[in-house]
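>>> Return atomic coordinates for the entry below.
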Amino acid sequence: MTNDTTKPTDERPNGQGPENNGEERSILSRVSKWLKKPGKPGEEEGQSAGQGSRPAAPASDRTASVPASGGPSQPEGETTSPTGSKPRRRKRPPRRRSKSAKPEGQQTEPSGEEGQTLPAPAEAKRQTATPARPPRQRQPRARKDAGSGKEAAKPSESKPVTKGDSTLKLLINTDEPEECRLVLLEGGRVESFYVETVSQAQTKGNIYKGRVTAVEANLQAAFIDYGTEKNGFLPFGDIHPEYYANEVAADTHWKDLPIQDVLSKGQEVLVEVVKEASGNKGATLTTYLSLPGRYLVLMPGSDSAGISRKIESEEERNKLREMIESVNIPEGIGYIIRTASQEITKTALAQDVRYLLNLWNEIKKRGQIEKAPALLHKEQNIVSRFLRDHFTSEIAEILVDADEALEQVNNFLELLPAAQRKSTVAKLHKGIQPLFHQYHVEKQIEQIYQPTVPLHSGGSIVINPTEALVAIDVNSGRTGKDKSFEDAIFLANMEAAEELSRQLRLRDLGGLIVVDFIDMRDSKHIREVEKKVRDCMKRDKAKVDFSKISKFGLMQISRQKMAAPVAVGSYRVCPHCEGRGMVRSVETQALVHFRHIQTGVTRKEIKRVVCRLPMEVAQYILNKKRADLIELEQEHQVEINIIPEATMPPNESKIDFLKE
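The predicted structure follows:
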């Protein structure tokens with residue numbers, strides 16, 4: 001269908017108007033030709049080819065003559081205009097125009113000579129009867145291409161996921177003797193963080209020779225002096241039968257025995273720390289010792305044997321069973337084959353077993369010589385411990401900022417089978433900036449110690465740990481922008497599920513964890529959030545158990561505490577607020593001290609009161625309570641001196657009541 005290309009008079013090029021009607025006959029002849037019954041495109045092309053090409057008419061000859069109103073009827077398809085200064089224009093069939101004379105920005109209308117299908121005469125009559133409308137611009141084809149190109153470019157607006165985004169890097173910062181820090185980066189994001197300071201050295205995994213100081217029948221536990229400030233806590237279930245003072249039947253369970261009958265005060269035992277001391281609680285101990293290696297854990301005094309559940313291939317499990325059977329392990333020593341033993345050689349496994357057996361023999365010898373309490377075996381430093389327990393072949397690069405640590409890493413890599421170390425490179429950092437600053441890690445580490453963790457969509461989670469329980473609250477924030485209510489809540493909960501699992505690993509929070517998700521109405525969304533939490537927690541090496549989201553939006557998570565929280569070694573309790581996070585206002589402190597003065601001056605023989613107070617508190621009393629002070633002095637015949645101390649902390653004060 002042909003578009004209407006008629007333009008108003010004031011928009012015509014070269015000052016065209018209704019008076020420029022030089023070639024009316026040629027216009028009428030063309031109009032009559034357009035109103036003929038159109039033929040096939042091939043026929044039209046043949047006719048135009050037989051007639052020959054016709055030169056384009058001048059710009060001044062491209063308007064149709066418009067007779068006055070009341071004149072003779074015009075041929076079909078010709079426009080008429082009423083009298084007046086502004087002629088009324090009616091639609092007419094398009095005319096053949098030259099492209100060169102077309103105004104800029106307007107498209108050229110093809111004519112019937114170019115093979116286009118033309119409107120029927122009846123349709124042309126209807127067009128002549130309707131008033132003129134502004135020309136309708138046809139969307140150019142180039143815009144469709146641009147639109148498709150725009151859609152094609154949409155994925156490129158977000159950063160493409162490249163192979164480098166999932167690359168694991170291990171950064172080891174040991175250039176300062178007071179602190180050693182390790183960070184595992186995945187695509188520039190901190191996934192694991194470990195720190196060890198001089199003041200907070202790890203004792204978990206250490207083996208001591210201790211002495212029983214108390215046996216508590218009510219607790220069914222014993223307290224052990226193993227050489228530290230606080231005695232260790234030894235539950236009855238963690239006492240090996242070889243330490244029983246009396247003979248017990250082999251099939252007797254420890255729960256059926258009273259602890260005071262089988263354990264006596266002053267008895268010496270070999271114990272291992274399984275849980276660090278925290279708060280007022282001492283460390284938790286066990287007499288079931290375990291010596292971890294790279295590929296297996298040796299358990300003296302046990303007869304159990306097993307393979308890590310994370311090795312799911314039955315073929316690989318059978319292969320490891322055959323390998324461990326060929327290695328000579330003495331009777332009475334159990335073992336657990338670790339996940340890192342996949343695709344290792346028999347030589348590597350035998351070497352690990354030989355090292356652990358020699359270590360156990362050395363511990364036994366020292367245990368017979370040393371007097372309790374004594375340290376028999378100290379766990380490896382943080383670098384060796386991380387490489388032993390957490391190193392995988394997925395770590396592509398290890399960056400170290402000290403030569404000693406680099407040598408330690410290289411020695412570890414040389415002991416690995418070729419299949420596990422082929423893709424890992426250890427390098428020494430030689431940049432001008434510190435290692436963690438160059439990889440933008442410091443800000444992420446500081447976020448670990450903050451209670452509020454922002455989410456990408458605008459929400460946040462608030463983490464409040466206590467001694468045995470961790471409360472996590474999910475806030476939607478601005479997540480609901482341009483989204484429905486239910487979708488906004490679901491998005492916030494999904495992001496919180498992923499982030500809280502990461503934060504539990506980073507902060508090493510254990511015990512009972514209660515997560516307050518935002519209430520969701522759709523049961524499908526509730527199941528999706530529960531599944532998200534379970535999937536994200538699979539990367540955690542700690543033992544984790546979950547409950548379903550209750551009708552109150554609460555999920556309970558039980559997580560094994562691997563070590564002391566990271567904040568323990570880096571932060572201390574504020575002496576001003578004493579851990580509350582708040583201090584009293586100036587007005588409240590002033591009233592507390594003023595009441596103290598009132599109580600003190602009522603005693604007999606008090607002649608003088610000297611008050612040393614923080615600057616703001618002293619100024620408040622001197623300015624706001626001056627009249628009350630004067631009244632007290634006159635009533636009790638005492639002298640009250642308020643002395644401001646600029647260096648005194650806000651929660652301290654010193655008030656002396658003198659009798660002279």
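>>> use CA for all of it now, contacts and neighbours both
Fine.
>>> ok, and what's touching stretch 393-413?
Residues from elsewhere that reach stretch 393-413, judged by Cα atoms under 8 Å, 6 or more residues apart in numbering: 167-175, 383-384, 387, 420-430, 435.
>>> Looking at those residues, which are in helices?
383, 384, 387, 420, 421, 435 (DSSP state H).
>>> List the residues that contact the second one.
Residue 384 makes contact with 408, 409, 412, according to Cα under 8 Å, 6+ apart.
>>> re the thing from before, got the ones in helices among the contacts of stretch 393-413 as CSV, with pLDDT and distance to residue 198 columns?
Output for the ones in helices among the contacts of stretch 393-413, formatted as CSV (pLDDT from 0 to 100; distance: Cα to Cα, whole Å):
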residue, pLDDT, distance to residue 198
383, 91, 14
384, 91, 17
387, 91, 20
420, 79, 32
421, 79, 31
435, 90, 21
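>>> now, the most widely separated pair of those residues?
Distances among these were taken as Cα to Cα; the most separated pair is 420 and 435, at 25.6 Å.
>>> Which one (most neighbours) among the contacts of residue 384?
residue 409 (21 neighbours; other Cα atoms under 10 Å).
>>> for that residue, helix, strand, or coil?
helix (DSSP: H, G, I helix; E, B strand; the rest coil).
>>> Could I get the full set of strands for the stretch 301-450 of the chain?
For the stretch 301-450 of the chain, the strands defined by DSSP state E, counting those that start in this stretch cover 305-307, 333-337, 374-377, 395-400, 425-428.
>>> What is the third one packed up against?
Strand 374-377 is packed against strand 207-216, helix 346-369, with contacts defined by 3 or more Cα pairs under 8 Å, 6 or more residues apart in numbering; DSSP states H and E.
>>> of all the ones in helices among the contacts of stretch 393-413, which comes closest to residue 523?
residue 387 (42.8 Å).
>>> Contact partners for the closest one?
409, 412.
>>> doesn't residue 555 make contact with residue 546?
Yes: when contacts are counted by Cα atoms under 8 Å, residue 546 is listed as touching residue 555 (7.4 Å).
>>> Nearest residue to the residue most central in space within the chain in space, ignoring adjacent ones along the chain?
Geometric centre of the chain, nearest residue: residue 499, 4.4 Å, by Cα atoms, centre = their mean. Nearest residue to residue 499, sequence neighbours excluded (Cα to Cα, 6 or more residues apart in numbering): residue 455, at 7.8 Å.
>>> Residue 660 now?
Nearest to residue 660 is residue 607, by Cα to Cα, 6+ apart, at 5.7 Å.
>>> and if you look at residue 235?
Per Cα to Cα, 6+ apart, closest to residue 235 is residue 221, 4.3 Å.
>>> Just the pLDDT at residue 327, thanks.
Among the per-residue scores, residue 327 holds a pLDDT of 87.
>>> Residue 571 versus that one, what's the distance?
Applying Cα to Cα, to the nearest Å, the value for residue 327 to residue 571 is 47 Å.
>>> which one of these two has more residues nearby?
Higher neighbour count among residue 327 and residue 571: residue 327, with 15 against 9, using other Cα under 10 Å.
>>> distance of that one from residue 352?
Counting by Cα to Cα - residue 327 and residue 352 are separated by 10 Å.
>>> do residue 339 as well
Here residue 339 is placed at a distance of 14 Å from residue 352 (Cα to Cα).
>>> Next: residue 252.
As for residue 252, its distance to residue 352 is 35 Å (criterion: Cα to Cα).
>>> Over to residue 205?
18 Å.
>>> okay, the two: which has more neighbours?
residue 205 (21 against 18).
>>> my hunch is that that one is in a strand, does that hold up?
No: looking at residue 205 with three-state DSSP, it is coil, so not inside a strand.
>>> Output the contacts of residue 384 in TSV, with distance to residue 448 and pLDDT appended to each entry.
Putting the contacts of residue 384 into TSV (distance: Cα to Cα, whole Å; pLDDT from 0 to 100) gives the following:
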residue	distance to residue 448	pLDDT
408	28	91
409	27	92
412	29	91
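>>> Remind me what the helix or strand hosting residue 223 packs against, helices and strands.
Assigned by DSSP states H and E, residue 223 falls within strand 221-225. When contacts are defined as 3+ Cα pairs under 8 Å, 6+ apart, strand 221-225 sits against strand 207-216, strand 232-235.
>>> Between the strands of the stretch 301-450 of the chain, which one is closest to residue 474.
Proximity to residue 474, assessed across those by Cα to Cα, is greatest for strand 395-400 (32.6 Å).
>>> That closest one pairs with which strands, and in what direction?
Neighbouring strands of strand 395-400 in its sheet, by DSSP bridges, are strand 168-173 (parallel), strand 425-428 (parallel).
>>> For that strand, C-alpha coordinates in CSV please.
This file holds the C-alpha atoms of strand 395-400, laid out as CSV (Å, rounded to 0.1, in the frame of the first residue of the first chain):
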residue,chain,number,x,y,z
ILE,A,395,44.6,-23.2,42.5
ALA,A,396,46.4,-21.8,39.5
GLU,A,397,48.8,-19.4,41.2
ILE,A,398,50.3,-19.0,44.6
LEU,A,399,51.7,-15.5,45.4
VAL,A,400,54.0,-15.1,48.4
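>>> Tell me which residues touch residue 308, please.
Residue 308 neighbours (Cα under 8 Å, 6+ apart): 336, 337, 338, 339.
>>> what about the third one, how many neighbours?
By that I understand residue 338. Neighbours of residue 338 (other Cα under 10 Å): 20.
>>> was I right about it contacting residue 307?
Yes: in this structure, residue 338 is within contact of residue 307 by Cα under 8 Å, at 6.6 Å.
>>> Return the per-residue confidence for residue 182.
92.
>>> Would you agree it is in contact with residue 190?
No: here residue 182 does not reach residue 190: they are 10.2 Å apart, not a contact under Cα under 8 Å.
>>> The strand holding residue 223 pairs with which strands, parallel or anti?
Paired neighbours of strand 221-225 in the sheet (DSSP bridges): strand 207-216 (antiparallel), strand 232-235 (antiparallel).
>>> Now tabulate those strands in TSV and tack on mean pLDDT, distance to residue 628 and mean neighbour count.
Formatted as TSV, these follow (pLDDT from 0 to 100; distance: least, Cα to Cα, whole Å; neighbours: other Cα atoms under 10 Å):
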stretch	mean pLDDT	distance to residue 628	mean neighbour count
strand 207-216	93	58	22
strand 232-235	93	56	22
